[in-house]
Structure formats: structure tokens, C-alpha cells
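S.K.: could you look at this predicted model? Sequence included:
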Amino acid sequence: MPTTASCRPDPRGIGLRLPLLELDGSEQMALDAWLLDQCVQGSLGSPVLRFYTWPGAWLSLGHHQKAQPSQWEQQALAGALQRVRRPSGGGAVLHAAGLTYALIWPQAPRARREAYQRTSRWLINGFTRLGVHLQPGQSGASAEVANCFASSTAADLVDDQGHKRIGSAQFWRRGHLLQHGEIMLSPPVSLWRSLFESSPPPPIERLQADAIIGALTASLQSLWPDCSWQDFNLNQEQWQQVQSQSAAYRLSPTGSSSNNPEA
């Protein structure tokens with residue numbers, strides 16, 4: 001029998017759901033890190049789920065990722081994309097015409113593999129509602145893979161044809177988890193090939209972001225049955241806190257950045 005997740009330590013059993021947002025990539029990263037910080041500080045004791053999109057094409061690098069092929073800088077200097085550094089780990093992800101999720105899980109299972117298994121079950125259940133069968137990847141983890149979608153580990157999900165559809169990465173702080181994931185829908189073929197010297201997964205044209213969000217929200221309820229999910233919006237002061245941290249996640253066209261607050 002599958003183990004369900006708990007909403008604890010929030011005694012009210014409340015989960016928080018943010019609205020779909022399209023923001024500058026550095027603001028998206030700062031917002032996710034801010035939400036995790038609120039859990040660490042005790043201001044938020046609830047799991048938090050949010051989905052977001054990116055304006056234009058962005059390349060996000062994993063927190064510890066050092067490899068940056070020369071063509072990435074060339075594309076950035078040409079204005080084809082912008083770059084940010086994620087608080088989470090893993091390889092580079094091209095965000096363009098896709099959908100990103102961020103899940104903040106207070107007091108997540110200490111075994112990271114278990115946390116991945118539970119979140120994968122949530123994602124698999126959600127896509128099953130949409131008629132898409134996904135399963136965990138089989139590749140071994142490698143710290144040297146520059147392109148997140150070049151391999152499929154047990155933390156990732158592939159379709160029946162073996163195409164990687166969702167790549168996920170984690171960032172932990174004091175027992176609290178931030179998990180990022182990119183749901184690849186219709187990646188730009190030319191830009192992808194220029195960056196990674198390979199072909200992207202074929203598009204899933206029949207799926208729209210709103211349908212995916214609805215299915216995954218419903219699936220999340222099945223894994224957190226003791227949670228009542230409520231909408232959550234930041235106030236003006238909270239947004240100012242997020243924006244004050246955003247510059248630290250932005251990479252210049254040459255790949256340099258300010259001091260990352262997660263370092």
C-alpha cells in the first residue's frame with residue numbers, strides 16, 4: 001500500500017497553492033528560495049505548490065554546475081536566451097514553451113530517494129489522468145552531465161517511447177525540501193540543437209498547461225489526503241523581499257553572477 005505524505009508540522013493540515021506566474025527567471029528562482037526559507041524559519045509550516053512559465057527562452061544551471069559549453073555563451077550574447085542559476089542541483093534545463101513546478105515540502109522524508117519516489121508517484125498519477133503514461137528513468141546519476149535532459153535517472157520521468165518528459169532536482173535545507181521540475185511540452189528544436197548538439201524530446205502538442213496544472217493539483221490531493229489546499233498570494237512586502245534577492249540568481253551573458261545566497 002503506498003505511503004501517503006503528511007502535511008505536518010502545520011496542525012491545521014493546510015497546503016498552499018500559488019497562482020500560475022510568468023516572471024523573469026531570476027525572480028522565479030528567488031521566489032522558490034524565499035518560500036523554502038519561510039519553511040525553515042517557521043513562517044510557513046505547510047507544503048507549497050506552484051507552477052510557472054518563463055518569458056522567452058531561459059537556460060537554468062544547477063546550483064553546483066560548472067560545465068558551460070562555449071555555445072551557451074554564444075547564444076546568450078546573441079540574445080537567443082538568458083541564463084540563471086537554480087538553488088536546486090542537476091544539469092542545465094532549457095525553459096521555453098514548457099511548464100515548471102516547484103514543490104516546497106516541510107520536514108520531507110530524510111531519505112532523498114524516498115522523497116523522489118513520492119513526488120514521482122504524484123506526477124505519474126497526474127499524467128495518467130491526462131492519458132499519458134510515465135515511469136521513472138533507469139540511468140545512473142552523473143554529476144558531469146551538462147544537459148539535464150541528456151539522461152533519465154530514477155528522479156526523472158520518461159514516456160513509453162523512452163523520451164524524458166519531466167526532469168526534477170532538489171535543494172535541501174535543515175530537513176525541508178525544495179523540488180524543481182521541468183515538464184517538457186514543445187521545446188524549440190533549433191535552439192535546443194544549438195545548445196546541446198542533440199535533438200529535443202518530441203512535443204506533446206495536445207496537452208495544455210492549464211490541463212496539466214489541474215490534473216497535478218488533483219493528484220496532489222490524493223497523496224496529501226489530510227491537506228486542505230488553499231490559494232496563497234504574497235503581499236507587497238514579501239514581493240519586495242523576493243525581488244531584493246533575485247539578482248543573485250541571474251547570470252550575465254558571459255556566465256558570471258553575483259554571490260549566490262545558497263552558496
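M.R.: Perfect, I can see it now. Residues are numbered from 1 along each chain as shown.

S.K.: the closest residue to Arg129 other than its chain neighbours: neighbour count?
M.R.: Leaving aside its sequence neighbours, Arg129 sits nearest to Ala215 (C-beta to C-beta, 6 or more residues apart in numbering; 4.3 Å). For the C-beta atoms, the positions are set from N, CA and C on the backbone; glycine is no exception. The criterion is other C-beta atoms under 10 Å. On that basis, Ala215 has 20 neighbouring residues.

S.K.: what sits against Ala215?
M.R.: 126-127, 129-130 (C-beta atoms under 8 Å, 6 or more residues apart in numbering).

S.K.: distance check, it against Val189.
M.R.: 26 Å (C-beta to C-beta, to the nearest Å).

S.K.: show the contacting residues for the residue nearest to the spatial centre of the chain.
M.R.: Centroid-nearest residue in the chain, with C-alpha atoms, centre = their mean: His180, separated by 2.2 Å. For His180, the contact set (C-beta under 8 Å, 6+ apart) comprises 32, 86, 88, 100-102, 168-171.

S.K.: where do the helices sit along this structure?
M.R.: Residue ranges of the helices in the chain, as given by DSSP state H, are 25-41, 70-77, 112-129, 189-196, 209-223, 236-246.

S.K.: okay, those, which one's buried deepest?
M.R.: Counting by mean count of other C-beta atoms under 10 Å, helix 25-41 has the highest mean neighbour count of the helices of the chain, with a mean of 23.

S.K.: now for that one, which elements pack on it?
M.R.: Packed against helix 25-41 by the contact rule (3 or more C-beta pairs under 8 Å, 6 or more residues apart in numbering; DSSP states H and E) you find strand 48-53, strand 58-61, strand 82-85, strand 99-105, strand 164-173, strand 176-183, helix 236-246.

S.K.: show me the shaky parts of the stretch 101-250 of the chain.
M.R.: 139-145 (pLDDT under 70).

S.K.: so how far is Leu21 from Asn233?
M.R.: Distance, Asn233 to Leu21, by C-beta to C-beta: 10 Å.

S.K.: with Asn125 instead?
M.R.: The value you get for Asn125 to Leu21, if C-beta to C-beta is used, is 24 Å.

S.K.: next: Trp34.
M.R.: Taken as C-beta to C-beta, the span from Trp34 to Leu21 is 13 Å.

S.K.: one more: Ser190?
M.R.: For Ser190 relative to Leu21 (C-beta to C-beta), the value is 27 Å.

S.K.: what about the closest residue to His163 other than its chain neighbours, how many neighbours?
M.R.: Leaving aside its chain neighbours, His163 sits nearest to Pro201 (4.2 Å; criterion: C-beta to C-beta, 6+ apart). As a burial measure, Pro201 scores 18 neighbours (other C-beta under 10 Å).

S.K.: could you do Pro203 as well?
M.R.: Neighbour tally, Pro203, other C-beta under 10 Å: 14.

S.K.: name the nearest residue to it, sequence neighbours excluded.
M.R.: That would be Ser186: by C-beta to C-beta, 6+ apart, it lies 3.9 Å from Pro203.

S.K.: what's the burial count for that neighbour?
M.R.: Neighbours of Ser186 using other C-beta under 10 Å come to 15.
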